[in-house]
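Engineer: have a look at this fold, sequence not included:
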């Protein structure tokens, strides 16, 4: 993968490297298929849990306009989830549906990062959590357009426009809150400090991720880590915010080791499916 | 302005409405017309945003991804309706802040139906089917009301509402085609939402204070009782199609008048809820007030940031 710099922004190249198509026999191996499924869960569960968190806010925003915008982002996240889960269901080739994947797993089987399960403490936290994720997500989808897997390329292509809009929305709000009033600055700085420790995990890779990187299906996000922090720090500076100095980061979500918040998210989300098993809605 | 001049303006104004021409914000209008429209349009806008709360209550628990997305989109549409309606209201010379203040202080009203709790998933179906169904009956005539901005907002609102109503009915249909438990859930929701939906169409004509004036200004085309009859006649066959029973033992087709007879509405309950003592009045207003108060620092930050940016732009322009 190649990054191109110009005076203002860096963009991840879409055309410089020819796409390597996946060998059709690749998915005939049970192990490869399982790795792909695990990899997809790691990607899609982030969208599910963040979409769910944003859904909690609908109707409670500080004003109608940001309320509508956050709901839009939630809808985009859930739209992405459905595409990914439908792809997983197709790979499994049994009777599994998108809803089985969304609602019927146990806590340890969800592979989202810890960042997205953090609560909606206030609007500042919501924006910072979103921004930290959005910068990553746009870079990720940009790079995924080079995937050796045709379906993933299509999903990345579909998602990237939305992701750019999300990043602009959360970035603009971060600037407003950081460079707004004294109160907003101190609140949003606190959110930045508290959530910073969850950013590193975005660049961790599991065994399944490594297998998919090797196969050219997944982008190697570790290569983009430096660029991620550059981008985030640049915006924090524009927003007149301090960059936290942190020695230790949190991790675990990608391996299914979640925070205490996760159980409550699932209790809400799975309530109907668990109470009325095997029903159609 | 002399009294004779005002009389003359009023006569021209009335004639314009009678000719089915629209009144626009900059046109002269009687003070009473302005006030009545601020009251009605804001009440309508408030109903949209308070109405987000009972349905918002089920977003995190929607039973499938498809339903979750549809519900989110629906609640978002309501926020959009609130936005157009507040904008239409603002053209009459009142700010959005003032409108919110009137909602939060309890001075302004919103549709009483939202003061009932959404207890089960079937309530999402019943609200779409019945509440949006009753709202459409109330609102379609407003697409040709006399005040231009309101009429134009309503055209869009009505289109989306009829989509919501179909979506609600479809939720009910899935439940009624499902397990015994799901059917019971659907019947229970109908039992709880039926009477409040009938009340939504307003007090009986005898008790309604605004009808005559509203008819003249085309804020109303039919009386509350006529609208209620229309709603019942339209909804009963839909319930039959679902295999559900309308919770009214006196409901009976009347061949002679070509419509349904129905039982007595509990107007004491209606007035209790309208006056602020329904099961969810306090919670709904608290939620709105909290969202607004908790968001104050965010709005202040946005204003302060915009001012700083403007200043910077001016300084740069001066330097050049």
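Structural biologist: Received the coordinates, thanks. These numbers were taken from a predicted model, which means no experiment stands behind them. Numbering: from 1, shown residues only, chains lettered A, B, ... in the order given.
Engineer: any figure for the gap between residue B:59 and residue B:113?
Structural biologist: Separation of residue B:59 from residue B:113 (Cβ to Cβ, to the nearest Å): 19 Å. For every residue, glycine as well, the C-beta is placed using N, CA and C.
Engineer: wait, residue A:192
Structural biologist: 42 Å.
Engineer: who's more crowded, residue B:59 and residue B:113?
Structural biologist: residue B:59 (26 against 22; other Cβ atoms under 10 Å in any protein chain shown).
Engineer: what secondary structure does the more buried one sit in?
Structural biologist: coil (DSSP: H, G, I helix; E, B strand; the rest coil).
Engineer: confidence score at the residue nearest to it when sequence neighbours are not counted?
Structural biologist: Leaving aside its sequence neighbours, residue B:59 sits nearest to residue A:55 (Cβ to Cβ, 6 or more residues apart in numbering or on different chains; 4.4 Å). On pLDDT, residue A:55 comes in at 97.
Engineer: ok, residue 40 - contacts?
Structural biologist: If you meant another chain, say so; for now it's chain A. Neighbouring residues of residue A:40 by Cβ atoms under 8 Å, 6 or more residues apart in numbering or on different chains: A:84, A:87-88, A:91.
Engineer: if you could check chain B rather than the one you did, that'd help
Structural biologist: Contacts of residue B:40 by Cβ under 8 Å, 6+ apart are residue B:219.
Engineer: equivalent analysis for the one 3 residues further on, please.
Structural biologist: Listed by Cβ under 8 Å, 6+ apart, the contact partners of residue B:43 are B:108-111.
Engineer: I'd like the residues you listed as CSV, with pLDDT, neighbour count and secondary structure appended.
Structural biologist: Shown next, in CSV, are the contacts of residue B:43 (pLDDT from 0 to 100; neighbours: other Cβ atoms under 10 Å in any protein chain shown; DSSP: H, G, I helix; E, B strand; the rest coil):
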residue, pLDDT, neighbour count, secondary structure
B:108, 94, 18, coil
B:109, 94, 16, coil
B:110, 96, 22, coil
B:111, 96, 21, coil
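Engineer: want to throw the residues you listed into TSV with distance to residue B:169?
Structural biologist: As requested, the contacts of residue B:43 are arranged in TSV below (distance: Cβ to Cβ, whole Å):
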residue	distance to residue B:169
B:108	31
B:109	28
B:110	24
B:111	20
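Engineer: nearest to residue A:163 among the residues you listed?
Structural biologist: Nearest to residue A:163 among those, counting by Cβ to Cβ, is residue B:110 at 36.7 Å.
Engineer: pop out the phi and psi values for the residue lying closest to that closest one once chain neighbours are set aside.
Structural biologist: Distance criterion Cβ to Cβ, 6+ apart; nearest residue to residue B:110, sequence neighbours excluded, is residue B:46 at 3.9 Å. With angles defined as degrees, to the nearest 10, residue B:46 sits at phi -60, psi -40.
Engineer: separation between residue B:46 and residue B:7?
Structural biologist: 35 Å.
Engineer: so which of the two has more stuff around it?
Structural biologist: residue B:46 (25 against 10).
Engineer: what does the stretch 51-200 of chain B have sitting close to chain A?
Structural biologist: Applying Cβ under 8 Å from any Cβ of the partner chain, we find that the stretch 51-200 of chain B lies next to chain A at B:52-53, B:56, B:59-69, B:72-73, B:75-76, B:79-80, B:82-83, B:86, B:121, B:171, B:174-175, B:177-179, B:181-182.
Engineer: what subset of the residues you listed is buried?
Structural biologist: For those, a burial check counting by 16 or more other Cβ atoms under 10 Å in any protein chain shown picks out B:52-53, B:56, B:59-65, B:67-69, B:72-73, B:75-76, B:79-80, B:82-83, B:86, B:121, B:171, B:174-175, B:178, B:182.
Engineer: so who does the spatially most central residue of chain A touch?
Structural biologist: Closest to where the C-alpha atoms of chain A average out (Cα atoms, centre = their mean) is residue A:46, at 4.4 Å. Residues near residue A:46 by Cβ under 8 Å, 6+ apart: A:112-113, A:116, A:133, A:137.
Engineer: try 7 Å
Structural biologist: Each residue near residue A:46 by Cβ atoms under 7 Å, 6 or more residues apart in numbering or on different chains is listed here: A:112-113, A:116.
Engineer: if we can go back for a sec, who wins for neighbours among the contacts of residue A:40?
Structural biologist: Highest neighbour count within these: residue A:84, with 23 neighbours (other Cβ under 10 Å).
Engineer: how about that residue: what's its closest non-neighbour residue?
Structural biologist: residue A:44 (3.5 Å).
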